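Chemist: Let's see this in three dimensions:
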Amino acid sequence: MKSVKLKFDSNQQYQIDAVNAVVDLFDGLSKQEDREFTLTNEGDAELRQSMSETIANTDEIFDELWLLENMVQIQQRNNIQPQADLSEPNSGETLLLEDYSYPEFTVNMETGTGKTYVYLRTIYELRARYGFKKFIIVVPSVAIYEGVVSSFEATKEHFRTLFKEYPGTVPLDIIQYDGDVACCSDFARADCTEIMLLTIASFNKIKNVIFKETDQLMGGKLPIEYIQETRPILILDEVQNYQTDTARRALRTLHPLFSIGYSATPGKTPPNLIYNLTPFAAMQMNLVKKIEICGKQEEEAMSEDPGFFKVQNVSKGKPITVTLEVLVKEAGVLKRDFKTFKTGESLKQKTKNDAYGDLTIENIVAKKGDESVEINGMRFLLNEYSCANLSREAVFREMIRETIKAHIEKENILQQYGYKAKVLSLFFVDKVANYIGKDALIKKIFNEEFEQLKADSECLKKISAEDVQAAYFAKKQTSKKGESEFFDLGEDGGSNDAERQAEKEAYQLIMRNKEKLLSSDNPVHFIFAHSALREGWDNPNVFQICSLREITSENSRRQSIGRGLRLPVQEGTKDKPELAGTRIQDPYVNKLTLIAHEDFNRYVAELYKEYQQDGCEDDLRESFANARKKKIVKRTKMFQSSEFNELWNKMNRKTEYQIHINKDALVKTAIREIDKIEFKPPQIITTRGIYKATRYRFTLLEITQSKMAKFSVEISDTDGRSYEKNKIEFCVREKDSFPSGFDSLLESIQVLKINAQKGFVELSKRAEPLEIDIPVEIEALTVVKPDSADDTQESAEAEVKNLPIPNILSRVAKEVPLTRRTILEIFKGIKVEKQDAFLLNPEAFIGKFIESLKEVLANHIAENIEYTPSDTPTGLNSEEMFPKTVLYPMGELVPANEKRSIYNQIQVDSDVEKNFVHKLNTCTLGSGNVSLYFKFPGNYKIYAPKIIQNYNPDWAIARIDDLEHKLILVRETKGTSIIKNLPHTSEARKIVCGAKHFEAIGVDYDFVDDKEERWYETIHHNLAQYLLNEPDTNIIPVKTYQMAQQEYSNVAEKPKPYKA
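Modeler: As a prediction, this is how the structure comes out:
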């Protein structure tokens, strides 16, 4: 079977820049020449003597000032902030208790841009230019180890051609250290380029064989001592994995000359960063595939057994904790969530889910590779479920189907655009048993879906489901029964020798097949692998990655993406055979589709967090500064005035409320409203979008005499737009937004304030102001609809059977304060087809039933609640309610009229409030004539039933009318003066309760918008009527409510309203 041999382009400038960043660090260093020997007796003796000596890189100690000068020049040309000094070296004790120190440098390159190619080429350039010969590549895992071996072999001929003027630069082989210490002396004594490959695990413990005496080596030295004498140059692949004290001590033990750390995730403060190819730059330059995300999530139901839980993670902190995925009851509805538990904690207590009964965390094991939790005598390992997850099969089926469809669609696109390139899809499985064995659910689903869909593909329709797939798992030794068994490795790979060896064999297999997989002669198009297949393996023609598992570790999304980011490779055609092995550069074709077991928006948000944690936040979004802390100060004289005391005493009156319920009207309304609900079967929701980052560079050019701000705005994004070609100037007035039609996000940015005197402007998307001629960047993630999708979201019915049927009366009665008899009457009264929906999708039905019933009951109570004044004081102290100073770290502060307010400034939450304060500050006789006002403190509450929640009004106002009468008002400010137009009915109910409370204590109350000129007059005389669905008659009290500081009677007589 033929394979597609990869071709490498030696002229890619970004790779050349990365190589030169390292090589130019030592500019000015003289080259060490190779030794020459003559064929004489004396020469033979000299040769024999040299073969017993160690050949080191150099004995020099580099001058720090010289290194710093070279590094600053490199940083400047690579647009990296120059450093004033070299970063602290890796300094301290070694594992052999010596002191050692060496400088570290960092190269950051996004996954898929050729990091291994770059550091191999860097090795050869250092050899050719300076004569360095001894290099050690350190890798964190077996996967990367095998990847480096594969890359070395694939690039060997390419580099020999590139360095043909420097014979011997590229070695015949790489020294693969696997515990055979004999290679240590060979490495030390060879007078040529030597590259040794080590895993960090092979030398990070003093018990490793590399630290032990052995008869295999002559001269009485330890294996490690041969390496130390060479002063090797360290190439640290995935450098972020070597930041523990133990790892850094191990690296010092090698006695390196210096180290170069390579990574796509180097952290926020990498030492001596000399090259930085960020994710943003890689996407913008089309060096990697664009990312298209397809999220799959079940909606309309939690179709698990109510007692379902899953072991998600075990943390080694103090104390040890376990994170479980559980079903949490919120407002009577079961919802998936993640909860962290300590030993002794109850599942039921944290989740409010009665189905968990007495389940308690009895023991947590955090030992690596053996993580588990014991719950009521049962042991559960990572990713194990407590019971059947009935929705899992439906979600898996939809994800697998979507992957196969995307695979076939990509084949058609490639063909349409004239490319001959094989398409591969990669599936990550959660457990090997789900693909291999008696309960191979994933394989069963794949086979069924593939056979149904393959007819749509010219390439796949003649291949059987069995032949089109291949699996790579860490295989155990064959059992006594002759059956193959496999390890379930965690995301960190093998944790013991047996697992690591099995992992190595699995990687060797997939690495050997890497180029064969690119050939259309190979029938394998779909690859199944365990979650441990992450760093170290990728294939350029992976266009779809389907994660049939939950994302658990911090970098899992980036690692998953990295398996398919590389640009795809062509096979070539009869007409153009020279294209074989070359990369496709077409950005329309080069898209990686991720099918994830979570919603698209959540995936993007979590992916962005991973970029932030990896030190990429400057490249993906501006890290907004904390808002400046602001405070308001009390005017003591106003606070102590008789006018304030009069106003406060009026507001400080207490009321009690009584509830009356018309049961027949309530039942009738509930039936009518529930009959309106559309109940759906369980849905698998698919959300799609292309991950796109956009960067805006704002420069405030000037503030004109007409108080307009003139901006220069440059736009750059991962679709290829650059600052140079996307620059435009705008003039924007205060309170206006940027003009529409140029960029959708830009037009959402508003100029909040223009300060001509101080020369700055405030924007809505930025906490700190812009100053003249100082460029500021703002960056945002956006969701772009895929070219192939008509919409970003679609749904399909989930194939779910045997759903557990909960007790609806019990569940509803716990959430809604009605008797079971009343609930049953409502259920029986709804249409038969609505009742049938309960059996089809119980959890979704209960959730909507409770939601609707709560809404109806809350409206009913608001309509019929009665407030009466009480002689009992509220207990509210004015000194505590109105402190001397109040800090407002967030939110806008506006000046307050010094003759009308007890504070110098007022905190406002909206433009509506801001405009209303302006009216209060400026109104005169005939337009309100306010003498005093204050905004109610947040802890001032008007009590209401729990189903409505307590109410905090807005403004208390004292005014003088045209007849010089003192009047007291309370006004609620909203964006509308029509109660039905409020965005939430809960707001309307609180306003109704507030109106009844203030009516009871004789205060004029109303709600207004900021446009109402006669806001001081009462407009709404009966707010409750706006909530009424039917006339309220035959009121019968059925339930008594008790709230803090308030008592209500059970009498049927309607209380008389208070008259002032």
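
Chemist: Just the element for the closest residue to Phe8 other than its chain neighbours, please.
Modeler: Distances taken as Cβ to Cβ, 6 or more residues apart in numbering put His158 closest to Phe8, at 4.5 Å, once the chain neighbours are dropped. Bear in mind the C-beta positions are built from the backbone N, C-alpha and C, glycine included. Element membership of His158 [criterion: DSSP states H and E] is helix 142-162.

Chemist: Where does Ser547 fall, secondary structure wise?
Modeler: Here Ser547 is assigned to strand 542-548, by DSSP H and E.

Chemist: So Glu747 is in contact with Asp736, correct?
Modeler: No: Glu747 lies out of contact with Asp736 (Cβ atoms under 8 Å); the separation is 10.6 Å.

Chemist: Could you report the neighbour count for the residue nearest to Phe8?
Modeler: 18 (other Cβ atoms under 10 Å).

Chemist: repeat for Ser706
Modeler: 7.

Chemist: so where is the stretch 351-500 of the chain shaky, pLDDT-wise?
Modeler: 387-391, 474-500 (pLDDT under 70).

Chemist: got the residue ranges for the helices in it?
Modeler: 390-416, 441-453, 497-512 (DSSP state H, counting those that start in this stretch).

Chemist: contact partners of the shortest one?
Modeler: Put plainly, it is helix 441-453. By Cβ atoms under 8 Å, 6 or more residues apart in numbering, the residues outside helix 441-453 that reach it are 393, 396-397, 400-401, 404-405, 408, 427, 429, 434-436, 460, 465-466, 468-469, 526, 528, 548.

Chemist: can you state the direction angle for it and strand 542-548?
Modeler: 130 degrees (axes from the mean of the first three to the mean of the last three Cα atoms, to 10 degrees).

Chemist: can you pull the buried residues of helix 441-453?
Modeler: 441-443, 445-447, 449-450, 453 (16 or more other Cβ atoms under 10 Å).

Chemist: next one: stretch 726-739
Modeler: Quick answer for stretch 726-739 (16+ other Cβ under 10 Å): 726, 730, 732, 738.

Chemist: That stretch spans what distance, first to last residue?
Modeler: Terminal residues of stretch 726-739 lie 15 Å apart, using Cα to Cα, to the nearest Å.

Chemist: Measure how far that stretch is from the centre of its chain, please.
Modeler: 32 Å (Cα atoms, centre = their mean, to the nearest Å).

Chemist: as a whole number, average confidence for that stretch?
Modeler: Stretch 726-739 shows a mean pLDDT of 88.

Chemist: so where is the stretch 551-700 of the chain shaky, pLDDT-wise?
Modeler: If you take pLDDT under 70 as the line, the stretch 551-700 of the chain has these spans: 551-560, 597-630, 682-687.

Chemist: Tell me where it has helices.
Modeler: 556-562, 600-613, 617-620, 636-639, 642-651, 663-675.

Chemist: chain center to the fifth one: distance?
Modeler: This points to helix 642-651. 51 Å.

Chemist: And the contacts of it?
Modeler: Helix 642-651 is contacted from outside by 638, 878, 902, 931-932, 934, 936, 940, 956, 958, 966, 968, 970, 1001, 1003, using Cβ under 8 Å, 6+ apart.

Chemist: can you rerun that using 6 Å?
Modeler: For helix 642-651, contacts defined as Cβ atoms under 6 Å, 6 or more residues apart in numbering pick out 878, 932, 956, 958, 968.

Chemist: That one: which residues count as buried?
Modeler: Taking 16+ other Cβ under 10 Å as the criterion, helix 642-651 shows 644, 647-648, 650-651 as buried.

Chemist: Got the phi and psi for Pro953?
Modeler: phi -70, psi 180 (degrees, to the nearest 10).

Chemist: any idea how far it lies from Gly938?
Modeler: According to Cβ to Cβ, to the nearest Å, Pro953 and Gly938 sit 11 Å apart.

Chemist: Looking at these two now, which is surrounded by more residues?
Modeler: Using other Cβ under 10 Å, the more surrounded residue of Pro953 and Gly938 is Pro953, with 23 against 8.

Chemist: Test my guess that that one contacts Phe936.
Modeler: Yes: counting by Cβ atoms under 6 Å, Pro953 touches Phe936, with 5.1 Å between them.

Chemist: how deep is Val314 tucked in, by neighbour count?
Modeler: 20.

Chemist: so who does it touch?
Modeler: 322, 366, 371.

Chemist: dump the residue contacts of the second one.
Modeler: Right, Ala366. If you count contacts by Cβ under 6 Å, 6+ apart, then Ala366 has 314, 316, 320 around it.

Chemist: Can you name the helix or strand that the first one falls in?
Modeler: In this structure, Val314 sits in strand 309-315 according to DSSP H and E.

Chemist: Tell me the pLDDT of Gln793.
Modeler: Looking at Gln793, the pLDDT reads 57.

Chemist: same thing with Phe528?
Modeler: pLDDT at Phe528 comes out at 90.

Chemist: And Asn1034, by the same measure?
Modeler: The model's pLDDT for Asn1034 equals 35.

Chemist: can you check Glu825 too?
Modeler: On pLDDT, Glu825 comes in at 95.

Chemist: can you offset everything so residue one is 388?
Modeler: All set: I'll call the first residue 388, so the last point we hit is now Glu1212.

Chemist: what about it, how many neighbours?
Modeler: Neighbours of Glu1212 using other Cβ under 10 Å come to 16.

Chemist: show me the contacts for it.
Modeler: Val1054 are the contacts of Glu1212 under Cβ under 6 Å, 6+ apart.

Chemist: Report the secondary structure state of it.
Modeler: helix (DSSP: H, G, I helix; E, B strand; the rest coil).

Chemist: any idea how far it lies from Leu416?
Modeler: 91 Å.

Chemist: repeat for Leu1211
Modeler: From Leu1211 to Leu416 the distance is 89 Å (Cβ to Cβ).

Chemist: Likewise for Asn1308?
Modeler: From Asn1308 to Leu416 the distance is 73 Å (Cβ to Cβ).

Chemist: Likewise for Met786?
Modeler: For Met786, the distance to Leu416 - Cβ to Cβ - is 55 Å.
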